[in-house]
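Participant: What would the 3D arrangement of this be:
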Amino acid sequence: MHFTFKETKEEIFAVHRVSKHVSPHLHHAFEIVCVTEGTLELGVGQELYHMEKGDIGLVFSDIIHHYQVFSTGINKAVYILIPPSVTGIFAEKIQGCAPACPMIRSKQLTPDVYHAIEAIMQLKEGEPMILQAYVQIILARCMNHLHLVEKSCVESDDLIYQTVSYVSGNFRKQFSLEDMARDLGVSKYVLSRIFSKTFHCNFNQYLNEARLSYASTRLENTSDTILDICFDSGFESQRTFNRRFKERYKITPSEYRKK
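Facilitator: Okay, here's the model as predicted:
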């Protein structure tokens, strides 16, 4: 589901789904993840944090992170993406700082945190201010358990970080490997080696994965037309979008939405 604040056009996405591997990425939104079944690995920086049922992860704005699933059986979690401007008095900290450890164990949390998460998942589109109130409850209860540090302490100036950051910030636009290399001030051959050795794919595959991940999220959580989602995700034509989408998910975008 998603909620739009009409005054700002900003959206909150909230989804309860089966956990899956998600490659390193970043976004401006503040992310809350709560494990409901099984386990989940939250990766931030060089660390991988093991999360179990009831544990909550908090990923601040513009921090590279990824998810992995190692355990068998059912693994599910709630994922909530929130624009920093919706976080009220916590916005400055969320944009300028980061937790030294982004995870809070279930035994440290009070029941009202879980009640607020459950309430968010049951809200309707026309209740954005109520949703914002629940977000404030979650943050008020969780922030006391976090040791905040300067964002630079968990960021990195290395080329891998710059690569992820560049793609995450520009995948909805049209650009080439040569454009990216020029903007980052490196050789395109250096970038090619990073994609092949670090991400185990080439530039086009990595870029398409970012676009398809964004598109699938919008198919799941919005009623936007497939054509709008196609162009908004950075694809030049619906034909290319449909082909790439079917290669990745084995079904068409319309079939994906129905499922």
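Participant: distance between the helix or strand where Cys142 lies and the chain's centre?
Facilitator: Assigned by DSSP states H and E, Cys142 belongs to helix 128-142. Taking Cα atoms, centre = their mean, to the nearest Å, one finds the center of helix 128-142 at 19 Å from the center of the full chain.
Participant: Could you list the buried residues of that helix?
Facilitator: Within helix 128-142, the residues scored as buried using 16 or more other Cβ atoms under 10 Å are 128, 131-132, 134-139, 141-142. All C-beta spots, glycine's among them, are computed from the backbone N, C-alpha and C.
Participant: swap in stretch 43-59?
Facilitator: Quick answer for stretch 43-59 (16+ other Cβ under 10 Å): 43-44, 51, 54-59.
Participant: Run through who's touching that stretch.
Facilitator: 24, 30-42, 63-68, 77, 99, 101-106, 109, 113-114, 142, 146, 154, 156 (Cβ atoms under 8 Å, 6 or more residues apart in numbering).
Participant: Extract the C-alpha set from that stretch and format it as CSV.
Facilitator: The C-alpha trace of stretch 43-59 is given here as CSV (Å, rounded to 0.1, in the frame of the first residue of the first chain):
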residue,chain,number,x,y,z
GLY,A,43,23.7,-5.2,5.7
VAL,A,44,24.9,-1.7,6.4
GLY,A,45,28.5,-0.7,5.5
GLN,A,46,30.8,-3.6,6.1
GLU,A,47,28.5,-5.2,8.8
LEU,A,48,25.7,-7.7,8.5
TYR,A,49,23.1,-7.7,11.2
HIS,A,50,21.1,-10.8,12.0
MET,A,51,17.5,-10.1,12.7
GLU,A,52,14.9,-12.5,14.1
LYS,A,53,11.1,-12.3,14.7
GLY,A,54,10.2,-9.0,16.3
ASP,A,55,13.5,-7.3,15.7
ILE,A,56,13.4,-3.9,14.0
GLY,A,57,15.9,-2.3,11.7
LEU,A,58,16.1,1.4,11.0
VAL,A,59,17.9,2.6,7.9
